[in-house]
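Enquirer: Coordinates only, no sequence provided:
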């Protein structure tokens, strides 16, 4: 070594913590990438990173060019998270939701849901609600892994997910969960308290809600089941090219389009270029993209929403086909209708009731209509409609929200009396109004009060009414319409062939004679109804309750009353035997009293059982009586209803139901 080559080493400034941190983070990314064998990429600044909320480690990506273009190599998962403000009465909604997710028929065996937690397989729901009583808010999650069916038990997966979330968020979490297997894809409902382990409000960053839970769930599934191969990914993309729904290819095209919504299929990867080109041609044939020439395409402005709707429609079609095939009706019921918004009343047999949106508890009915077609009808929230067993016959009537005369009259009375309304004030201003007529307005106000529509009830039975009452009432009805777009009435729980000789009023004769009845076609379920009509008509003629020659039927006067009397007497005979009490008929103009014991049903008509010490009566059932079961009641029987007084009445006048 020459003199010129000699050097004296000097210790320089140590590496800064910033550089060291970068090295550590880079090493962590390598380990994560190797373990996951590839994950979905994109712009790094838009991906989930635990450090953004100061919790957990970075989930960086080191993927090959093909991995980046192909999207997820790991297994996929969906996590829907909803923040629910509890408020003063929120614990009631939490209780209802807990009851809903534990409902019957959600396990693999069709049993009620099993509530579990971090450390227990059978959690105490009442204790969880008690701990939640003072919480400001609550998180409700639905977790679904794409390949979740491969898990024999979802509990370990969910517990690992929530344990990872605790690490990311830096706090213990208080949660309960129920696994559901009653839909095409197994999933889990979680209820997470909105407080941390110190009792403070739990604030989860939007980034973690939007991406963090899903990223963690997908990582766990990938570790458990192994990553997908390149061949699997490419096969999926080829399949997606022709799909009539929003796909990963569409999302990538939307990200790449310019401000004029113009995009090309050009790509450094030949496979990805062919996939994009094929998808653009398919979108063009669907009218969702326009070929500008030279490989350039302009995407339709509503492409994403249109494809989402088409995907939902496709899911509905597959559901209808699956349910009809299971009942061996697929070939016999070729005419099918998806009722996005029911416009005419519909009568038919319930084939299936299911969920179309688990997150928002939106249900649907599959109806074998008397018009010969099968209808898929959205019925809104599950708890807004009573149970509709398969095989029962229902009438579905579309609901509408429009200004009501009752609200207009309430507003007029209140305006004339300084913003106050009462039955007395109403009848003073309109002497022709009967007490029962005025009380219908009070029932309307009570419904608005429960719906928080801005009315206030006072101890003396009067009400405070705001100046914009009519507008508030209409807004209330519109909100109700989202939860209950249709009214579902059960006409019969028996098959139609069992009604032909029933000694009680049935929906068959009512439908035969109704001038505005829905058409009954000679196909599908309509053919079965027509055959039952003919047999029912012959029986009514035999009983001297109707006249006709087989082509036309005319009921004799009082025929329906006679059938109702027979049905009530038959029901009363059985109750006399079971209760050991004497039946006393409820006649118009007479007083009735007793304890509202329960609802009892005879074909076509529900009744309320009104019990006394040694006697009982049967009175027409109304939904409002559900809240009064077990209470003492008295009232006067009228042609249009009963004016009730209950033992623990609400403030204000009696309720006519």
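Expert: Looks like it came in fine. Note that the coordinates shown come from a computational prediction; the quantities given were computed from them, not determined experimentally.
Enquirer: Pull out the buried positions in stretch 563-577.
Expert: For stretch 563-577, a neighbour-count test (16 or more other Cβ atoms under 10 Å) marks 563-564, 566-568, 571-572, 575 as buried. Heads up, the C-betas are built off the backbone N, CA and C, glycines and all.
Enquirer: Give me the distance between the residue lying closest to residue 324 once chain neighbours are set aside and residue 182.
Expert: Distances taken as Cβ to Cβ, 6 or more residues apart in numbering place residue 330 nearest to residue 324, at 4.3 Å, with adjacent residues excluded. From residue 330 across to residue 182, the span is 22 Å (Cβ to Cβ, to the nearest Å).
Enquirer: same deal with residue 568?
Expert: According to Cβ to Cβ, residue 568 and residue 182 sit 39 Å apart.
Enquirer: would you list the buried residues of stretch 563-577 in a markdown table and tack on secondary structure, distance to residue 124 and pLDDT?
Expert: Converted to a markdown table, the buried residues of stretch 563-577 look like this (DSSP: H, G, I helix; E, B strand; the rest coil; distance: Cβ to Cβ, whole Å; pLDDT from 0 to 100):
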| residue | secondary structure | distance to residue 124 | pLDDT |
| --- | --- | --- | --- |
| 563 | helix | 51 | 91 |
| 564 | helix | 48 | 87 |
| 566 | helix | 50 | 90 |
| 567 | helix | 45 | 89 |
| 568 | helix | 45 | 89 |
| 571 | helix | 41 | 91 |
| 572 | helix | 44 | 92 |
| 575 | helix | 39 | 93 |
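Enquirer: Quick check: the farthest pair among these?
Expert: Using Cβ to Cβ, those span at most 18.7 Å, a distance reached by 563 and 575.
Enquirer: The residue nearest to residue 324: how many residues sit nearby?
Expert: 16 (other Cβ atoms under 10 Å).
Enquirer: before we move on, what about residue 326?
Expert: Counted with other Cβ under 10 Å, residue 326 comes out at 11.
Enquirer: contact partners of the strand or helix carrying residue 396?
Expert: When elements are assigned from DSSP states H and E, residue 396 belongs to strand 393-398. Residues from elsewhere that reach strand 393-398 (Cβ atoms under 8 Å, 6 or more residues apart in numbering): 341-350, 365, 367, 377, 379, 388, 485-493, 496, 507.
Enquirer: ditto for stretch 300-317
Expert: 243-247, 250, 254, 261, 283, 287-290, 336, 338, 356, 364, 376.
Enquirer: at 10 Å what do you get?
Expert: Stretch 300-317 has contacts (Cβ atoms under 10 Å, 6 or more residues apart in numbering) with 184, 243-247, 250-251, 253-254, 257, 261, 283-284, 286-290, 336, 338, 340, 356-357, 364, 366, 376, 378.
Enquirer: so who does residue 330 touch?
Expert: So residue 330 contacts 320-324, 336, 374 (Cβ under 10 Å, 6+ apart).
Enquirer: Am I right that it falls within a helix?
Expert: No - assessed by DSSP: H, G, I helix; E, B strand; the rest coil, residue 330 does not belong to a helix; its assignment is coil.
Enquirer: For it, give me the pLDDT.
Expert: pLDDT recorded at residue 330 is 90.
Enquirer: Then the one 5 residues further on?
Expert: Looking at residue 335, its pLDDT reads 93.
Enquirer: these two touch, right, it and residue 525?
Expert: No - in this structure, residue 335 is not within contact of residue 525 by Cβ atoms under 10 Å, at 11.1 Å.
Enquirer: Comparing those two, which residue is more hemmed in?
Expert: The neighbour comparison of residue 335 against residue 525 (other Cβ under 10 Å) goes to residue 525, with 26 against 13.
Enquirer: Next, that one: phi, psi?
Expert: Dihedral pair for residue 525: phi -70, psi -30, per degrees, to the nearest 10.
Enquirer: so it makes contact with residue 346?
Expert: No - at 11.6 Å, residue 525 and residue 346 do not qualify as touching, with contact defined as Cβ under 10 Å.
Enquirer: In a helix, residue 210, correct?
Expert: Yes - assignment of residue 210 by three-state DSSP places it within a helix.
Enquirer: Near it, how many other residues are there?
Expert: 13.
Enquirer: That one and residue 417, how far apart?
Expert: From residue 210 over to residue 417 the distance is 52 Å, taken as Cβ to Cβ.
Enquirer: Same check on residue 212?
Expert: 56 Å.
Enquirer: where in this structure is pLDDT low?
Expert: 1-72, 88-90, 358-359, 515-517, 550-551, 604, 640, 647-657 (pLDDT under 70).
Enquirer: Which stretches in the stretch 51-200 of the chain count as helices?
Expert: 65-70, 90-101, 125-131, 155-169 (DSSP state H, counting those that start in this stretch).
Enquirer: Let me know the secondary structure of residue 387.
Expert: Three-state assignment for residue 387 (three-state DSSP): coil.
Enquirer: Likewise for the one 3 residues further on?
Expert: For residue 390, the assignment made with three-state DSSP gives coil.
Enquirer: And the nearest residue to it once chain neighbours are set aside, its phi and psi?
Expert: Spatial nearest neighbour of residue 390, chain neighbours left out: residue 350 (5.5 Å); criterion: Cβ to Cβ, 6+ apart. Note on residue 350: backbone dihedrals following degrees, to the nearest 10 are phi -80, psi 120.
Enquirer: List the residues that contact the nearest residue in space to residue 198 that is not next to it in sequence.
Expert: The shortest distance from residue 198 to any non-neighbouring residue, by Cβ to Cβ, 6+ apart, is to residue 171 (7.6 Å). Residue 171 makes contacts with 55, 165, 195-198, 200, 202, as judged by Cβ under 10 Å, 6+ apart.
Enquirer: out of these, who's nearest residue 531?
Expert: The closest of those to residue 531 turns out to be residue 165 (Cβ to Cβ; 59.2 Å).
Enquirer: shouldn't the closest one be in contact with residue 214?
Expert: No - applying Cβ under 10 Å, one finds residue 165 not in contact with residue 214, separated by 11.4 Å.
Enquirer: In terms of neighbours, single out the busier of these two.
Expert: Ranked by neighbour count (other Cβ under 10 Å), residue 165 and residue 214 place residue 165 first, with 22 against 19.
Enquirer: about what we covered before: shared neighbours of residue 165 and residue 214, anything?
Expert: Common neighbours of residue 165 and residue 214 (Cβ under 10 Å, 6+ apart) are residue 208.
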